[in-house]
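Asker: Coordinates for the following, if possible.
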Amino acid sequence: MNAELPITLHFDRIGLYSLALFIVYLAGSYVAPFFLYLFIILLILPILSLSYLLLTFFRLKYYQDFSTEHPMKGESVVYRLILANETLLPLHYLNVEFKTIHPYMEEVLPRFTTYIRARQRLESVYEIHCPFRGIYTVGLESLAAEDPLHFFVFRRRVWYRTFYVYPRVLPLRSFSTGMERSERLAQGSSTGSVPDYALFSQLRSYRHGESLRHAAWKKFASTGTPFLKVYDTSAEPGVTIYFDLRQTKAAGLKALETEDISIDILVALVKYYLDHDVPVTVRAPGRTVYTFQGFGQSSFQRFYLSTMELLFQPTISPGAMYHLDKQTGGYESTSAIIISHLFDPEVFSTVDESLSGDSPVSLILNRSGYPRAERKVILPYLYSLSERGANVRFVDGPEDIVESLEQGVLRYER
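Answerer: Numbering: from 1, shown residues only. Here you go, the predicted structure:
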């Protein structure tokens with residue numbers, strides 16, 4: 001069948017039927033006139049069969065309903081299809097095909113052929129699980145029906161829906177990147193510094209006329225005395241996150257899970273900093289360089305929608321992009337975070353080299369794509385980085401993200 005044409009002819013069946021007509025005609029001409037009447041009846045039957053198909057198929061109504069238009073990763077979409085035959089004649093041989101596309105879909109909605117009685121409604125309900133971030137397409141691909149003689153196939157124009165499934169938003173209560181400047185402030189080098197609201201320091205008494213934006217409300221409720229939160233200051237204009245878009249070494253569903261974990265880490269960090277009024281820049285090398293710059297909570301939605309542009313592909317290391325930005329003046333922060341899911345020597349050396357400068361580079365390593373034996377190979381080197389002052393975090397699975405990001409010290413494994 002040619003799906004592009006609204007009508008298809010079964011020429012093999014039409015040919016056999018034409019041959020039968022010819023034989024009946026010859027029989028009527030040379031054997032008995034009765035066959036001529038049979039010939040006329042057989043000649044009219046295809047016309048009646050086609051008329052029957054036109055009358056029933058094009059009066060068929062269909063409805064598609066989706067439980068949500070904006071599912072998040074891990075949620076499901078309940079898809080309901082209703083087919084209603086509104087004529088007084090049954091509809092024969094209705095073929096229903098679905099268009100269901102998403103990465104490594106666990107099960108595809110099966111096509112089926114049905115018979116719908118007069119004035120009957122058929123309802124089918126499906127649950128489409130969305131285990132991964134990405135673009136999902138769900139709905140009808142075609143409705144096709146055949147006439148009772150199976151000579152003709154007609155198709156109806158139908159529609160389907162595309163869903164953009166966005167990553168999870170994981171709330172962080174705290175996150176320390178080594179950006180604190182307490183020692184520098186103690187030495188009196190606070191010129192030009194500004195409060196970093198990600199770095200809570202202490203409480204102080206409220207003075208009349210001051211803003212209550214950073215009031216310690218819990219303390220006020222317990223003591224009745226107003227206090228304000230005091231934050232450490234930092235000289236940096238914000239933080240730059242370098243995100244690794246190279247394809248993982250895992251395969252199949254494991255690759256998609258690994259990539260989604262890295263995306264979840266990125267979303268959690270960006271939201272944390274924007275919620276604390278810390279300027280954030282995200283840089284991700286790809287065929288085109290992904291760049292986001294934001295400040296304040298109002299910027300998060302713009303970033304969140306833009307995560308659909310983060311496509312994993314063969315590209316350069318985020319460590320290489322960091323060095324390139326440093327050389328060309330594209331790096332304006334004094335602190336950086338690299339999020340990677342690869343055991344890349346160039347990333348590790350970038351973190352190592354930053355220890356001797358005034359621009360610390362933190363590393364969040366998503367190890368979910370590697371088996372436990374391979375993870376242990378690089379542990380001694382990463383532990384040595386941590387002992388020398390590097391901020392290194394491990395994330396091993398989707399349920400490990402918040403705990404791993406909030407912990408202040410790298411956990412040692414046996």
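
Asker: gap between Val77 and Thr240?
Answerer: Between Val77 and Thr240 the distance is 36 Å, computed by C-beta to C-beta, to the nearest Å. (C-beta placed from N, C-alpha, C; glycine too.)

Asker: The two: which has the busier surroundings?
Answerer: Thr240 (25 against 20; other C-beta atoms under 10 Å).

Asker: Return the residues in contact with that one.
Answerer: Thr240 makes contact with 280-283, 325, 331-333, 335-337, according to C-beta atoms under 8 Å, 6 or more residues apart in numbering.

Asker: just checking, which of the residues you listed belong to strands?
Answerer: 280-283, 336-337 (DSSP state E).

Asker: What ranges in this structure fall below the confidence cut-off?
Answerer: Scanning the chain for pLDDT under 70 picks out 1-5, 103-107, 177-202, 208-214, 217, 220, 229-237, 334, 358, 408-414.

Asker: circling back: what subset of the contacts of Thr240 is buried?
Answerer: The neighbour count (16 or more other C-beta atoms under 10 Å) marks 280-283, 325, 331, 333, 335-337 as buried among these.

Asker: wait, which of those is closest to Leu149?
Answerer: For the buried ones among the contacts of Thr240, the minimum distance to Leu149 (C-beta to C-beta) is 62.8 Å, reached by Val282.

Asker: so how far is Thr281 from the nearest residue to that closest one once chain neighbours are set aside?
Answerer: Nearest residue to Val282, sequence neighbours excluded (C-beta to C-beta, 6 or more residues apart in numbering): Phe292, at 4.2 Å. Here Phe292 is placed at a distance of 7 Å from Thr281 (C-beta to C-beta).

Asker: Same check on Thr8?
Answerer: Distance of Thr8 to Thr281, given as C-beta to C-beta: 56 Å.

Asker: do Leu143 as well
Answerer: Using C-beta to C-beta, Leu143 is found at 50 Å from Thr281.

Asker: One more: Arg173?
Answerer: According to C-beta to C-beta, Arg173 and Thr281 sit 23 Å apart.

Asker: same deal with Arg80?
Answerer: Distance from Arg80 to Thr281, by C-beta to C-beta: 44 Å.

Asker: Also Ala20?
Answerer: Going from Ala20 to Thr281 by C-beta to C-beta gives 77 Å.

Asker: just His323 next, same as before
Answerer: The gap separating His323 from Thr281 is 16 Å, by C-beta to C-beta.

Asker: Likewise for Val270?
Answerer: 10 Å.

Asker: And the helices in the stretch 201-350 of the chain, which stretches?
Answerer: With helices called from DSSP state H, counting those that start in this stretch, the stretch 201-350 of the chain shows them at 217-223, 253-275, 300-306, 318-328, 345-354.

Asker: Contacts for the third one, please.
Answerer: What that stands for is helix 300-306. When contacts are defined by C-beta under 8 Å, 6+ apart, helix 300-306 is touched by residues 166, 169, 267, 270-271, 274-275, 280, 282, 290, 292, 294.

Asker: list the buried ones in it?
Answerer: Quick answer for helix 300-306 (16+ other C-beta under 10 Å): 300, 303.

Asker: Tell me the one of the buried ones among the contacts of Thr240 nearest Ser124?
Answerer: Using C-beta to C-beta, the shortest approach to Ser124 within the buried ones among the contacts of Thr240 belongs to Val282, at 42.5 Å.

Asker: Quick check: beta-bridge partners of that closest one?
Answerer: On the basis of DSSP bridges, Val282 is bridged to Ile241, Phe292.

Asker: List the contacts of the residue nearest in space to the middle of the chain.
Answerer: Computing the C-alpha centroid of the chain and ranking residues by C-alpha atoms, centre = their mean puts Arg133 first, at 1.8 Å. By C-beta under 8 Å, 6+ apart, the contact list for Arg133 reads 73, 165-167, 259-260, 263, 307.

Asker: Show me which of those are buried.
Answerer: 73, 165-167, 259-260, 263, 307.

Asker: Redo those as CSV? Include distance to Val138.
Answerer: Output for the buried ones among the contacts of Arg133, formatted as CSV (distance: C-beta to C-beta, whole Å):
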residue, distance to Val138
Lys73, 16
Val165, 11
Tyr166, 16
Pro167, 19
Glu259, 22
Asp260, 20
Ile263, 22
Thr307, 21
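
Asker: Tell me the one among those residues nearest to Pro345.
Answerer: Closest approach to Pro345 among the buried ones among the contacts of Arg133 (C-beta to C-beta): Glu259, at 21.2 Å.

Asker: now the closest one: how far from Asp400?
Answerer: Taking C-beta to C-beta, one finds Glu259 at 16 Å from Asp400.

Asker: again with Pro6
Answerer: Distance from Pro6 to Asp400, counting by C-beta to C-beta: 53 Å.
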